[in-house]
Structures are given as structure tokens and as C-alpha cells.
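Peer 1: missing the sequence, but the structure's below:
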């Protein structure tokens, strides 16, 4: 082998050593320094280092042996490089990183099914929280009433709670025993309390901090139109002094589009615009429908459970009958291939602007847009109701995953802030974006999956406590 070729081989191993160092940093730095945003850059550096090592080693063999047998030499060089990398990764016991979100979903689904079976074994029916997608085709606004239901899990174990007489997450007896409430809370799963125990739910923390008897009408997966319907059906007759609306960035507003499509909430919007008192669900529902609600909902739960089981048992691949298929499967199991695939997934997916829910569509906040008009009408209705009852509207603006997406737009945040600013003090804007930015680590207030890029990660107990304290302090400061 020529001297220059030997030098190139030596350089290639330097590159390979650098690749291993970068690999260690890719794991070590985010953990120790708590900077997960470094992972894409470190992964890219690892990919580049391995590529550089491969290129140098490849050309070194070509130059060392000459070009008399270029095909054989190049193939040999590439094969040796792959073997060396595979051996190194195996020695490090580096397993392929799985998609944390998929792993978590499978684990939670299994836990829910196990809990349902346990409830049935104990003589119950195995009640599971009814999602809004299941309720869309029904006339009901809530799920099971006065039942112990299985909710969800993100970090505190599988959460189960007892619903109240209306199907919301409140202590039994709170609603019928109160002639009025000091506050009514509206919103989606953040208001519903996913996924924390009862005493950490926003409404209960807000109640403890303010001393106001608080009724929670939050329901997961809902938007502003649902909040309007819930107010008219359940809260209006109790004349809550203060109306707390939790706005989940990129969700509470955008979900109105879907809520309009199913036509279930049109009547509430029409009534709000006309300034009418409205109670279609409770007042107009006949006795037979009320009596059949539990059976209807349980049938839906049973079907949903079967779907969960189906997903858990779904085969991950087809049977391998041929030698070629077997070879392909073995090739795909190599740690090198798995690593490169994971790097590609992380580098490409991290930092991309999402097009799904939780990312505001700024065009819908333009003057004259129908969504903006509807949202304004709903908020004006809440403002009028709170003013009539001698209280305030509190808009609690909650970021979902703006901290993992670069250049996150402020159009939605600005819309709600400007609405509150123009309300002559009747609407209070609680900006949790600013609150979280002031903390050393905003991720500490969410469940860990947010670090994996899962936009559906909710607040943990710290997050709900932060939201409740900020809201209570804002209300106290606004009082005369």
C-alpha cells in the first residue's frame, strides 16, 4: 500500500473516532445540559463524520491498490467500513432508538385495556372516558355521569376519576348544591385535567387559591364552540361570576372549524348572537333519550376498546417466505442501518413547521375571516355574561408545543391579547407563554413526551399549578 494511502487510512480512523465522540455527545449533552435542541445538530455531525470516514477509507483503498480491479477494491473497502462501524456500534450496545410516541401510545393502550378488564372482573362495566370524536354523532355534550371512568396516562400513572352528575370532572354534589358559582372553567383536555390526579386539576387549584367555588366544564378535544354550548347548557343557570376560558394555542380556536361542520353547535352560536338564553340539550332531550344515554355511551366505549386491542395485536410485518426476504430482514436489523434511519428521522422531522393541529393558521385571524368573527362573537357573549354577573372573563392562553418549533407564529396569541386589551378591563389575558419563558426550563412544566416532539403532551402538576397561580393573581390584581 502506498504511503499516501496509509495516511488516508489513518485519517479515516481519526474521522471514525470523531464519529464515536459525537455519538457520545449526542446522548450525553442533552441529558446533562438539558438541551434537547442540540440533538439535531449533533446527529447531523455524527452523520457527516461517519460519511467522511467512509469516503476517506474508500479512496484510501482505491489509491493503495490502484485501479486495476476498481470494482472489487471498492466493494471490499465499503464492506470493511460497514463491518467496522457495525462492530463498534454493537460493542457500544447501541440499540435502535424507537419512536417514543409510538412506544408510549402502545403502553398506554395496553394499560387502559388491562384496567377495563380489571373493572369488569370486579363486577363493573369498564367505563372509559368518551372522546369528543365519539360524541360528535350524538346529542350529548358529555360522557358517563356519576361513574368511575378511566381517563389517560402521561406520567402520573393511569388516571381514573369519578364524574359528576353532568359527566364533568367535579366532586359529586357540587353542582346541585350550588345556587351560583364564583367561577366556571372551560377548555379542552388541559381544563379537563389530563393527565393528573383530581387535586392537581386547574379548576381545583384555582378554587384553592382564590376561595371561589369553581365548577369545571372542561372536556378533552373541544374548541370554543363547545365551551359556548357547555356554558348555555350547564353554567348559565348557575350565573357564574367569573368565566375562565383556557385557550390552548393552535387548538381551541382551530377546532371551531370542525365543530361548525358537524352542525351540533350551530344553534348555540345563533342564540349567542341573538343574546338569547338557550338550553337545547337538557331541556329538549326526552326521557327515553336520557334513560338510554349510558347504554349508548357504553356501546361506544366497547367499540373503542376493541379498536385499541386491534391496534395492539396488529402485525408489524408480513411473513418472510423467500431467502431474499429473510436477507432483507436481517439487513434491516443491522444497528448501522437502524442508527442511520433514526438520524434521518430526527434531523428531518425536528424543526419542521407542522401542518396539523396545534400550529396556528394565521390566515384565519385576518380581519373579516369567518373564524375570527365567530370567535369574537363567542368571547363577546362571555364578556356580557360575566359583566351581568358582576365578574370578569379570564382568558388563559396556554402554549402547546411552541417551545420545540422554531419561529413559532404569534398571530393567535396576539388576537386574544388584543381582544382583552380592548375590553375596558372586563377581560383579563393571562399569557402563559411569557410565564413559561421566565422559567429556567419550560419543558419542566410538561410531561416528558413534549421533548420528543409530541404536540399532545399536557401540563404536569407544576404546569397546572403555574396556570392556576397566574390566573388567580391576575384576577386579584383586576379587582377594584
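Peer 2: Nice, I can see it. If you're wondering where the values come from, they're calculated on a predicted model, not measured in any experiment.
Peer 1: neighbours of residue 439, how many?
Peer 2: 12 (other Cβ atoms under 10 Å). Any C-beta I mention is one placed from the backbone N, CA and C, and that applies to glycine too.
Peer 1: I'd say it and residue 432 touch.
Peer 2: No - contact criterion Cβ atoms under 8 Å: residue 439 and residue 432 do not qualify, at 10.5 Å.
Peer 1: shared neighbours of those two, anything?
Peer 2: residue 466 (Cβ atoms under 8 Å, 6 or more residues apart in numbering).
Peer 1: so the spatially closest residue to residue 167 that is not a sequence neighbour, which of the three states?
Peer 2: Distances taken as Cβ to Cβ, 6 or more residues apart in numbering place residue 142 nearest to residue 167, at 2.9 Å, with adjacent residues excluded. Assigned by DSSP: H, G, I helix; E, B strand; the rest coil, the conformation of residue 142 is coil.
Peer 1: list the contacts for residue 142?
Peer 2: Going by Cβ under 8 Å, 6+ apart, residue 142 touches 130, 135, 163, 166, 167, 168, 219.
Peer 1: again, but for residue 206
Peer 2: 183, 185, 212, 214, 244, 468, 471, 472.
Peer 1: residue 230 now?
Peer 2: Applying Cβ under 8 Å, 6+ apart, the residues near residue 230 are 141, 186, 217, 219, 222.
Peer 1: ok, now residue 161?
Peer 2: Counted by Cβ under 8 Å, 6+ apart, residue 161 has contacts 148, 149, 151, 169, 193, 198.
Peer 1: reformat those residues as CSV; add secondary structure, distance to residue 396 and neighbour count.
Peer 2: As requested, these are exported to CSV (DSSP: H, G, I helix; E, B strand; the rest coil; distance: Cβ to Cβ, whole Å; neighbours: other Cβ atoms under 10 Å):
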residue, secondary structure, distance to residue 396, neighbour count
148, strand, 28, 12
149, strand, 25, 20
151, coil, 21, 19
169, coil, 17, 25
193, coil, 14, 27
198, helix, 19, 14
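Peer 1: pull the most distant pair out of these.
Peer 2: 148 and 193 (14.8 Å; Cβ to Cβ).
Peer 1: before we move on, the earlier item: among the contacts of residue 206, which are in strands?
Peer 2: Among the contacts of residue 206, DSSP state E puts 183, 185, 214, 244 in strands.
Peer 1: ok, and the closest non-adjacent residue to the third one?
Peer 2: Once flanking residues are discounted, residue 214 sits nearest to residue 207: 4.0 Å by Cβ to Cβ, 6+ apart.
Peer 1: what number of residues lie near that neighbour?
Peer 2: 22.
Peer 1: what do you get for the one 5 residues further on?
Peer 2: Residue 212 has 19 neighbours, counted by other Cβ under 10 Å.
Peer 1: what do you get for residue 293?
Peer 2: 18.
Peer 1: I'd say it and residue 146 touch.
Peer 2: No - shown here, residue 293 and residue 146 do not form a contact pair, counting by Cβ under 8 Å, at 11.4 Å.
Peer 1: can you check which residues contact both of these two?
Peer 2: Common neighbours of residue 293 and residue 146 (Cβ under 8 Å, 6+ apart) do not exist.
Peer 1: what's the closest residue to residue 458 other than its chain neighbours in contact with, if anything?
Peer 2: The spatially closest residue to residue 458, leaving aside those adjacent along the chain, is residue 194, at 4.9 Å (Cβ to Cβ, 6+ apart). The contact partners of residue 194, taken as Cβ under 8 Å, 6+ apart, are 151, 152, 154, 159, 220, 458.
Peer 1: closest to residue 258 among these?
Peer 2: residue 220 (14.2 Å).
Peer 1: tell me the first helix or strand C-terminal of the host helix or strand of residue 430.
Peer 2: Residue 430 is located in strand 427-431, with elements delineated by DSSP states H and E. With elements assigned by DSSP H and E, the helix or strand that comes after strand 427-431 is helix 432-437.
Peer 1: so where is the stretch 251-400 of the chain shaky, pLDDT-wise?
Peer 2: 277-291, 301-303, 305-358 (pLDDT under 70).
Peer 1: isn't there a helix covering residue 263?
Peer 2: No - according to three-state DSSP, residue 263 belongs to no helix; its state is coil.
Peer 1: from residue 137, how far off is it?
Peer 2: Going from residue 263 to residue 137 by Cβ to Cβ, to the nearest Å gives 11 Å.
Peer 1: also residue 224?
Peer 2: Taken as Cβ to Cβ, the span from residue 224 to residue 137 is 21 Å.
Peer 1: next: residue 430.
Peer 2: For residue 430, the distance to residue 137 - Cβ to Cβ - is 35 Å.
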